[in-house]
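Colleague: sequence isn't available, so here's the structure alone:
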């Protein structure tokens with residue numbers, strides 16, 4: 001069974017983005033805690049979400065480009081010029 005083109009890039013992007021957002025939020029939230037501890041407050045939680053979301057987006061953005069290129073190349077020609085995830089990522093970074 002053949003998967004749709006770009007599924008590996010999509011899954012890789014989602015793993016990195018979600019992992020950074022969900023895993024990084026408690027760590028960043030602790031950086032925003034007050035000296036005495038206690039509840040952080042909604043503004044600081046919002047700030048921690050902005051920071052972790054921004055970091056996740058910055059890291060996952062190249063994978064979005066790879067995903068789109070793989071999808072487009074598969075629709076334009078009958079063969080894909082991106083034969084592997086590592087090749088397409090290295091071509092995107094160049």
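Modeller: Sure, I can see it. Note that the coordinates shown come from a computational prediction; the quantities given were computed from them, not determined experimentally.

Colleague: please name every helix or strand in contact with the longest helix seen in the chain.
Modeller: Ranked by residue count, the top helix of the chain under DSSP state H comes out as helix 42-76. Here helix 42-76 touches helix 7-31, helix 85-93, going by 3 or more CB pairs under 8 Å, 6 or more residues apart in numbering; DSSP states H and E. In this view, the C-beta of every residue, glycine as well, is placed from N, C-alpha and C.

Colleague: who wins for proximity to residue 71 among these?
Modeller: helix 7-31 (8.8 Å; CB to CB).

Colleague: what does the closest one contact?
Modeller: The contact list for helix 7-31 (CB atoms under 8 Å, 6 or more residues apart in numbering) reads 40, 44-45, 48-49, 51-53, 55-57, 59-60, 63-64, 66-67, 70, 85, 88.

Colleague: quick check: angle from that helix to helix 42-76?
Modeller: 170 degrees (axes from the mean of the first three to the mean of the last three CA atoms, to 10 degrees).
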